[in-house]
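[1] need coordinates for the below:
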Amino acid sequence: MNNDCIFCKICAGELPATKVYEDQDVIAFMDIAPVSKGHTLVIPKEHSDPITGTPDETLAKLIAVAKKIVDAQIRGLDADGVNVTQANGKAAGQIIPHIHFHIIPRYNTSENTKNWVPGKYENQDEMQKFADKIKNSIRNI
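    Below you'll find the model as predicted:
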């Protein structure tokens, strides 16, 4: 654990998160500034950064969970498509220096299909409803 890392603090239970998935090595939770509602982050519990410094075994676990979240967003949120993104370093737009994947549901009716314009939930209850839809739609593939 990195004591200065927000994501490590979430993994340790020191900061709250609206989780949709958790196993021994990985957690997935709602992004608090979603590009579209349902935007989920997938992170390893063990601190690692950047992608080039992350063990292949960890990356394999992350992408396997990302695949589950993509499927859950398509089925649970009726998403027409999904962006899976991962940034490395400030120049790439990375804010939290802990490897993570963004899983962003996309819709044919949305004007925001390519731009990264953060949105927000009306309240915690709305965020929880989206989290529940994803959580309840996760399956082993």
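[2] was I right to think Ile69 contacts Glu22?
    No: between Ile69 and Glu22 there is no contact under Cβ atoms under 8 Å: 12.0 Å. Just so you know, the C-beta spots here come from the backbone N, C-alpha and C atoms, and that holds for glycine as well.
[3] looking at these two, which is more packed in?
    Between Ile69 and Glu22, Ile69 has the larger neighbour count (other Cβ atoms under 10 Å), namely 26 against 15.
[4] distance check, the more buried one against Glu122.
    Per Cβ to Cβ, to the nearest Å, Ile69 is found 22 Å from Glu122.
[5] try Phe29
    Applying Cβ to Cβ to Phe29 and Glu122 gives a distance of 18 Å.
[6] now swap in Pro34 and tell me
    Pro34 is 12 Å from Glu122, where distance means Cβ to Cβ.
[7] compare these two and say which is more crowded by neighbours.
    Pro34 (20 against 8).
[8] check that one and give its pLDDT.
    Looking at Pro34, its pLDDT is 94.
[9] got it, and Gly119?
    Listed pLDDT for Gly119 reads 88.
[10] where does this protein dip in pLDDT?
    112-116, 141 (pLDDT under 70).
[11] which one's the longest helix in it?
    Longest helix in the chain by number of residues (criterion: DSSP state H): helix 56-77.
[12] list the contacts of it.
    With contacts defined as Cβ atoms under 8 Å, 6 or more residues apart in numbering, helix 56-77 is touched by 20-21, 23, 25-26, 28, 37-38, 40, 42-44, 46, 48, 51, 79, 82, 84, 99, 101, 103, 105, 130, 133-141.
[13] quick check: PyMOL command selecting the buried ones in those.
    Burial among those is assessed by 16 or more other Cβ atoms under 10 Å; the matching PyMOL selection reads:
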select buried, resi 20+21+26+28+37+38+40+42+43+44+46+48+51+79+82+99+101+103+105+130+133+134+135+137+138
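[14] can you flag which of the contacts of helix 56-77 belong to strands?
    Using DSSP state E to define strands, the subset of these located there is 20-21, 26, 28, 40, 42-44, 82, 84, 101, 103, 105.
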